[in-house]
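1. Sequence and predicted structure below; questions after.
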Amino acid sequence: MNHSFTTIAKVIVTVISLFVLSGCDFKHRSTDSLCNSNPQLCADTNLNDGQCRLQRTSLIWQRYDVLKNPIDAEKFKELKFTYDYQKCLEYAARIEPTELKERKTNRTRALLRAYDSIKRLNLELADSSDPDIIYYRWSQGDRKALQQFLKLEGTPALETPEMQLALATFYTDKDKAKTMVLLQRALTLYDKNQKVKPEIIQSLATISHQDGNIDHAYLWAMIGSELKIPVSSREKLIAFYPMADQQRETLDRRAKQIAKAINRGEYKIDMVR
């Protein structure tokens, strides 16, 4: 009896604790409620306008996440949401409303504020040590960020499929053998049933083709097919890579086996020598 009462009491305490910790979120069940409580999150947007509603809503809630937890990773998410909002507004600002002409003015004003927000966030993230942000800055032409990124090679910071792919893009025109290793290394880092980035398989097939390695080019293309990643149709592959039927059947079987290993999170680099 006492044991049951103690267990129930613990459950009640846990629920109450969760409620208290999340209380500030429970009171905001709608974007309107959030904006009323935190007008600074919404004042520079085109509120009460059907245009860009989804992008605006996502951005406002992400700003709220930054308000609660102002770390670089959350600010980076806000930056990406702001870019999405900006792109939508650039289109919406050109639309002439049939009624409420001031909506076009509000959209233009919101667009200019979005540009300002992007500039501010980029400045705030300029010295971030987050690998994703460093790669983003490099992709935007920041040479300092490239050097920062390369210094992280071989460290746990880049031990994700996305970062191995990013590193591979740097070596593509410099060291194809290393690029192939990095791309395959990316595959070894996927967990079970995790969606594979198409660029990894497509790049492996393309580099194999460029190197004249027909077997591997065909094999990676077929692995892509097994993973539902578009590389080329089987008919085109058969026409493009002529080979004996027995050889093709062997490669087809290997492609199925390797694709299953990738899906199980069990790919090893020596599966394709």
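-> Thanks, I have it.
2. where do the helices sit along the stretch 51-200 of the chain?
-> 53-68, 72-92, 102-124, 131-139, 143-151, 161-171, 176-188, 198-210 (DSSP state H, counting those that start in this stretch).
3. Next, the buried residues of the fifth one.
-> So the one you mean is helix 143-151. By neighbour count, with 16 or more other CB atoms under 10 Å as the criterion, the buried positions of helix 143-151 are 145-146, 148-149. C-beta: built from backbone N, CA, C; applies to glycine.
4. Next, count neighbours for Leu123.
-> Applying the criterion other CB atoms under 10 Å, we find 9 residues in the vicinity of Leu123.
5. ok, now Ser232?
-> As a burial measure, Ser232 scores 18 neighbours (other CB under 10 Å).
6. same deal with Ile95?
-> If you count neighbours by other CB under 10 Å, Ile95 ends up with 11.
7. ok, back up a step: ok, so of the buried residues of helix 143-151, who is nearest Leu167?
-> Distance from Leu167 was checked for each of these by CB to CB. The minimum falls on Phe149, at 7.7 Å.
8. show me what contacts the closest one?
-> The contact partners of Phe149, taken as CB atoms under 8 Å, 6 or more residues apart in numbering, are 131, 134-135, 138, 166-167, 170.
9. now swap in Leu165 and tell me
-> Applying CB under 8 Å, 6+ apart, one finds that Leu165 lies in contact with 182-183, 186, 197, 199-200.
10. doesn't Arg137 make contact with Ala145?
-> Yes - if you go by CB atoms under 8 Å, Ala145 and Arg137 touch, sitting 3.6 Å apart.
11. Tell me how far the spatially most central residue of the chain lies from Ala186.
-> Among the residues of the chain, the one closest to the centroid is Glu162, at 8.2 Å (CA atoms, centre = their mean). When CB to CB, to the nearest Å is the yardstick, Glu162 and Ala186 sit 8 Å from each other.
12. In contact with Arg264, which residues are there?
-> With contacts defined as CB under 8 Å, 6+ apart, Arg264 is in contact with Lys192.
13. That one and Tyr190, how far apart?
-> Distance from Arg264 to Tyr190, counting by CB to CB: 9 Å.
14. For the buried residues of helix 143-151, give me JSON lines that also has distance to Asp84 and pLDDT.
-> Output for those, formatted as JSON lines (distance: CB to CB, whole Å; pLDDT from 0 to 100):
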{"residue": "Ala145", "distance to Asp84": "22", "pLDDT": "96"}
{"residue": "Leu146", "distance to Asp84": "26", "pLDDT": "95"}
{"residue": "Gln148", "distance to Asp84": "26", "pLDDT": "95"}
{"residue": "Phe149", "distance to Asp84": "24", "pLDDT": "97"}
